[in-house]
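Engineer: Output the structure for:
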Amino acid sequence: MSMFVKQSEIRQESFEWGKVGWRSGATGSAQLVVMDVAVRPGEGHAFHRHPSQEEMIIVKAGQVEQWLEEEKETLRAGDAVYIDADVVHASFNTGGETAHLQVVLAPVIASEATGYEVVDVSGEAPWASLRER
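Structural biologist: The predicted structure follows:
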């Protein structure tokens, strides 16, 4: 069902690196996972992959060191990255202010409460030491 989503309806979840606002959680969308992500300075969402989901990350404010496999770019407000399903990636805030990201994944993974499927590979080679090189 089509609907408006007000800020007060977005469920917030805190992590050691920042916060996620589950924007699509209020809608019951079967196709899209949409998140507002805030990454604190010096923090990041370490290397991970989404086996069955494509992803688009749009930088709304701040800057991030964005990794795609073993390649990295600094992304600033207005920049974005598209990530194919099952591609290892990571986002680290290298700026002095909180980085604000709009994240969209598809399709929804029905077996997950948030519709979001993630596999952490940050402890595996080469990901565990990649930023130290």
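
Engineer: Tell me how many other residues crowd Val81.
Structural biologist: 18 (other CB atoms under 10 Å). Backbone N, C-alpha and C define where each C-beta goes, glycine included.

Engineer: is it true that it touches Glu71?
Structural biologist: No - look at Val81 against Glu71 with CB atoms under 8 Å: they stay out of range, at 10.5 Å.

Engineer: quick one, what contacts Ser29?
Structural biologist: 108, 115 (CB atoms under 8 Å, 6 or more residues apart in numbering).

Engineer: Tell me which helix or strand the spatially most central residue of the chain sits in.
Structural biologist: Central residue of the chain (CA atoms, centre = their mean): Val103, 5.4 Å from the mean position. For Val103, the element it lies in under DSSP states H and E is strand 99-106.

Engineer: Spell out which residues sit in contact with the residue nearest to the centre of the chain, please.
Structural biologist: By CB under 8 Å, 6+ apart, the contact list for Val103 reads 33-37, 55-58.

Engineer: got the contact list for the helix or strand following the strand holding Val103?
Structural biologist: Going down the chain from strand 99-106, the next helix or strand is strand 119-120, by DSSP H and E. Strand 119-120 is contacted by residues 46-51 when judged by CB under 8 Å, 6+ apart.

Engineer: cool, stretch 78-86 as well?
Structural biologist: 49-59, 66, 68, 73, 75, 89.

Engineer: could you redo the last one with a cut-off of 7 Å?
Structural biologist: Stretch 78-86 is touched from outside by 49-59, 66, 68, 75, 89, with contacts defined as CB atoms under 7 Å, 6 or more residues apart in numbering.

Engineer: Return a PyMOL selection command for the buried portion of those.
Structural biologist: Here is the PyMOL selection string for the buried members of the contacts of stretch 78-86, based on 16 or more other CB atoms under 10 Å:
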select buried, resi 49+50+53+55+57+58+59+66+75+89
